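Asks: Got a predicted structure here, sequence first:
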Amino acid sequence: MEDAMSRISPVEPPYEGEVAERLGVMMPPGVPPIHLFRMFVKNLPMAEAMGTWGSYELSKRLSLSMRDREIVIDRTCARCGCEYEWGVHVTFLADRVGLTAEQITSLTHGASTDACWSSHRDRVLIEACDALHETSHIDDALWERLSGELAEAELLDLLMLCGWYHAISFAANGAALPLEDGAPRFDGVLQ
């Protein structure tokens with residue numbers, strides 16, 4: 001995808017007016033806007049509406065820990081084949097939440113049963129992402145294991161976070177968004 005042209009080209013600098021304002025809200029201060037956000041601002045009402053939910057999903061208000069969140073996002077994006085969004089999160093957040101190279105490989109190509117997952121919570125999060133991706137359901141046995149690890153608020157956040165990153169993956173994949181400069185590739189992590 002890196003060499004492909006985006007089907008919906010992201011806006012290019014200089015950014016002006018409402019576009020500049022929206023991009024300023026979407027990124028941390030001083031960080032240039034990523035392709036995804038530069039594409040979303042081509043529909044400002046949509047970008048604004050998404051901003052509220054997206055900022056919740058990436059905030060401290062989310063009941064899941066930052067590590068839980070990144071496990072869910074990385075696994076969901078990998079399962080959706082969204083190298084773009086997976087690469088953004090691996091680049092900027094994997095180290096920050098303590099994901100090892102083996103765990104990134106497992107989230108990308110492996111399973112919850114891989115030896116790198118010693119935490120039952122991590123394993124059950126991966127299983128939930130897989131179940132939702134494969135069947136759009138969670139069976140009773142998996143729900144029982146999830147309920148043993150997560151409070152109800154966390155369960156709701158897990159379900160919505162997984163769904164949100166399916167939507168983000170669909171947008172990035174459907175628009176053939178090129179990878180960010182320096183972002184890793186799926187085939188760059190060991191299999």
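Replies: Sure thing, it's come through.
Asks: And the residue nearest the centre of the protein?
Replies: Geometric centre of the chain, nearest residue: Ile73, 3.5 Å, by CA atoms, centre = their mean.
Asks: right, and that residue touches His89 too?
Replies: Yes: using CB atoms under 8 Å, Ile73 is in contact with His89, at 5.2 Å. All C-beta atoms are positioned from the backbone trio N, CA, C, and that covers glycine.
Asks: how many neighbours does Glu12 have?
Replies: When counting by other CB atoms under 10 Å, one arrives at 7 neighbours for Glu12.
Asks: ok, now how distant is the closest residue to it other than its chain neighbours from Glu180?
Replies: Spatial nearest neighbour of Glu12, excluding adjacent residues (CB to CB, 6 or more residues apart in numbering): Arg38 at 7.7 Å. Distance of Arg38 to Glu180, computed by CB to CB, to the nearest Å: 11 Å.
Asks: before we move on, what about Asp68?
Replies: As judged by CB to CB, Asp68 and Glu180 stand 24 Å apart.
Asks: of these two, who's got more company?
Replies: Set side by side, Asp68 and Glu180 show more neighbours around Asp68, with 21 against 18, by other CB under 10 Å.
Asks: So Leu159 sits against Cys129, correct?
Replies: No: if you go by CB under 8 Å, Leu159 and Cys129 don't touch, sitting 10.4 Å apart.
Asks: These two: who's more crowded?
Replies: Neighbour totals were compared for Leu159 and Cys129, and Cys129 leads with 26 against 15 (other CB under 10 Å).
Asks: Regarding the more buried one, which helix or strand does it belong to?
Replies: Per DSSP states H and E: Cys129 is located in helix 120-135.
Asks: Contacts for the helix or strand following that helix next, please.
Replies: Downstream of helix 120-135, the next assigned helix or strand under DSSP H and E is helix 140-149. Helix 140-149 is touched from outside by His120, Arg121, Val124, Glu127, Ala128, Ala131, Ile138, Leu155, Leu158, with contacts defined as CB atoms under 8 Å, 6 or more residues apart in numbering.
Asks: these two touch, right, the second one and Ser65?
Replies: This means Arg121. No: Arg121 is beyond contact range of Ser65, at 9.2 Å (criterion: CB under 8 Å).
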